[in-house]
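Undergrad: Let me see the structure of the following:
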Amino acid sequence: MADAAQIPANLLIERSADDSARPARIHPVLLGGLLCTLLAVVMTSVFQSQYVENTLSDARQRDVIVHGMALADIVGGIEAAASKESAAKLDELLATWQLKFPDVSNVRVLRLNGARLLASTNPVDSAKKALPRRLVRDEKEIFDLAKELSAAVETNRDEGVSRKRQILLDPVGADSVNISLPYFTSKGGEVAGLVQLTKRVEPVESRTGLVGAIFSLAIVAVLSYIACAALGVISRA
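TA: Numbering: from 1, shown residues only. Got it, this is the predicted structure:
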């Protein structure tokens, strides 16, 4: 065994009788590393939570878009037939659609030619005058919206890229989305009109990130304590 005289003085640890009475403390280097680790865990959990929320939000938006496009295709097929029973068929379609999908409401079908509101499940629309009917002055906004989407479709076709939005999504409160999209009576043809509806969606809850952060912090705390005890980095003041 090496003689104590050969050991540098700065490596010698002198213990006094009252060492056991002094409180233990974590070495500053270890404390700094522990705090950095905890910060990294928290930040990772926050970013993970945001990623999950965005992913779920995108999935819900795609569901609303697919739903709206399916209805617009059926409306376009009925309008393409150009029969006298079109209005009655549209009324029947919207009524059946809402029965089949109770999370859907306020469905509207607008024909650009003649600025006519063909069908609607909103009682306010039929209260003004029986449908189908021409739009009234205070409904100019929906007609302008249909023209805007029609212009966007034409621009994107001419440029060969989808630069302008052809489908509009507007949040309605915390649990619903309003979608407005054009319908066509022929493939590659001009925009014939507009379909609007409001669909209820499940709100995105931020539980994943919080649970992950708490679980990660607990693991880091336990591992840090074990490491301190195993490596003997707890020193006396």
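
Undergrad: buried ones in stretch 135-143?
TA: Leu135, Glu139, Ile142, Phe143 (16 or more other CB atoms under 10 Å). C-betas here are computed from N, CA, C, even on glycine.

Undergrad: Check stretch 184-201 too.
TA: Buried residues in stretch 184-201, counted by 16+ other CB under 10 Å: 184-185, 191-201.

Undergrad: which residues of the protein score low on pLDDT?
TA: Across the chain, residues meeting the criterion (pLDDT under 70) sit at 1-58, 203-237.

Undergrad: Let me see the ranges of the strands in it.
TA: Under the criterion DSSP state E, strands of the chain are mapped to 24-26, 104-111, 116-120, 133-134, 168-172, 176-184, 191-200, 234-236.

Undergrad: Which one, of those, ends up nearest to Ala87?
TA: Using CB to CB as the criterion, the shortest distance between Ala87 and the strands of the chain is 6.0 Å, found for strand 116-120.

Undergrad: Using PDB, write down the CA coordinates of stretch 138-149.
TA: What follows is the C-alpha trace of stretch 138-149 in PDB, where atoms were taken according to Å, rounded to 0.1, in the frame of the first residue of the first chain:
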ATOM      1  CA  ASP A 138     -77.500  40.100 -47.000                       C
ATOM      2  CA  GLU A 139     -76.300  36.700 -48.400                       C
ATOM      3  CA  LYS A 140     -73.900  38.400 -50.800                       C
ATOM      4  CA  GLU A 141     -71.000  37.100 -48.700                       C
ATOM      5  CA  ILE A 142     -71.600  33.500 -49.600                       C
ATOM      6  CA  PHE A 143     -71.900  34.400 -53.300                       C
ATOM      7  CA  ASP A 144     -68.600  36.300 -53.200                       C
ATOM      8  CA  LEU A 145     -67.000  33.300 -51.400                       C
ATOM      9  CA  ALA A 146     -68.200  31.000 -54.200                       C
ATOM     10  CA  LYS A 147     -66.800  33.300 -56.900                       C
ATOM     11  CA  GLU A 148     -63.500  33.500 -54.900                       C
ATOM     12  CA  LEU A 149     -63.100  29.700 -54.900                       C
END
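
Undergrad: Run through who's touching stretch 132-145.
TA: With contact meaning CB atoms under 8 Å, 6 or more residues apart in numbering, stretch 132-145 is reached by 87, 108, 110-112, 114-119, 128-129, 168, 180, 194, 196.

Undergrad: please redo it, this time with the cut-off set to 6 Å
TA: For stretch 132-145, the surrounding residues in contact (CB atoms under 6 Å, 6 or more residues apart in numbering) are Ala87, Ala115, Arg116, Leu117, Leu118, Ser180.

Undergrad: Equivalent analysis for stretch 83-98, please.
TA: Contacts to stretch 83-98, defined as CB under 6 Å, 6+ apart, come from residues Ile78, Val104, Val107, Val109, Leu118, Ala119, Thr121, Pro132.

Undergrad: measure Asp63 to Arg133 for me?
TA: 32 Å (CB to CB, to the nearest Å).

Undergrad: same check, this time on Gln196
TA: Spatial separation of Gln196 from Arg133 under the definition CB to CB is 16 Å.

Undergrad: quick check, nearest of the buried residues of stretch 184-201 to Thr155?
TA: In terms of CB to CB, no member of the buried residues of stretch 184-201 lies closer to Thr155 than Val191, at 11.8 Å.

Undergrad: Quick check: the residue lying closest to Asn122 once chain neighbours are set aside vs Leu197, distance?
TA: Nearest residue to Asn122 in three dimensions, chain neighbours excluded: Asn106, at 4.9 Å (CB to CB, 6 or more residues apart in numbering). Taking CB to CB as the criterion, Asn106 is separated from Leu197 by 6 Å.
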